[in-house]
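# any chance you could fold what I've pasted below:
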Amino acid sequence: MKIYCTMFAAGTRRFEIGTPSFISIYAACSALNLLLEIGVEQIEADLTELARFTVQYGQEKGLHLIGPANLDQRSSLVAFQVGDAAKAEAMLRDKKVIVSAREDVIRIAPHLYNTQEEIQHALDELAIVLKKI
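This next block holds a predicted model:
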């Protein structure tokens with residue numbers, strides 16, 4: 001299935017609502033076509049594997065996992081306990097590692113475009129930062 005971005009009404013009705021945001025339409029259309037090409041099942045499988053790696057490697061690094069370790073009971077988002085999450089997030093950002101501070105946790109949110117190497121790097125840096133704060 002492919003989604004086409006140019007679906008205008010017939011005749012002059014196409015001008016009734018003004019000029020649509022073509023940039024947004026084409027960006028959304030391209031994103032949807034990419035997701036359809038890869039397939040939801042493949043995306044789910046990739047995210048499950050990234051979550052498995054994140055949980056396992058984080059625990060190997062001595063990070064305290066928040067939530068169940070069982071992947072059947074969680075999404076691909078993984079959170080680790082951090083004393084000063086905002087400070088840890090800022091220190092990681094300075095190292096070009098983007099995570100999210102949520103109260104007293106750092107949340108790692110891998111997605112289709114992430115690799116295990118990137119997750120490993122982020123967790124290595126998080127372990128270093130936690131020794132400094």
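# this structure: strands as residue ranges?
For the chain, the strands defined by DSSP state E occupy 65-66, 78-81, 100-102, 105-108.
# and these as a markdown table, adding distance to Gln116?
In this view, the C-beta of every residue, glycine as well, is placed from N, C-alpha and C. Shown next, in a markdown table, are the strands of the chain (distance: least, CB to CB, whole Å):
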| stretch | distance to Gln116 |
| --- | --- |
| strand 65-66 | 17 |
| strand 78-81 | 13 |
| strand 100-102 | 20 |
| strand 105-108 | 12 |
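# got JSON lines for the ones you listed, with distance to Ser24 and mean pLDDT too?
Formatted as JSON lines, the strands of the chain follow (distance: least, CB to CB, whole Å; pLDDT from 0 to 100):
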{"stretch": "strand 65-66", "distance to Ser24": "36", "mean pLDDT": "96"}
{"stretch": "strand 78-81", "distance to Ser24": "31", "mean pLDDT": "97"}
{"stretch": "strand 100-102", "distance to Ser24": "25", "mean pLDDT": "95"}
{"stretch": "strand 105-108", "distance to Ser24": "28", "mean pLDDT": "96"}
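# the lowest-mean-pLDDT helix or strand in the chain packs against which elements?
Ranked by mean pLDDT, DSSP states H and E, the helix or strand of the chain with the weakest confidence is helix 22-38, at a mean of 92. Counting contacts by 3 or more CB pairs under 8 Å, 6 or more residues apart in numbering; DSSP states H and E, helix 22-38 packs against no other helix or strand.
# domain parsing for this protein?
Using automatic domain parsing, the domains assigned to the chain come out as 1-38, 40-132.
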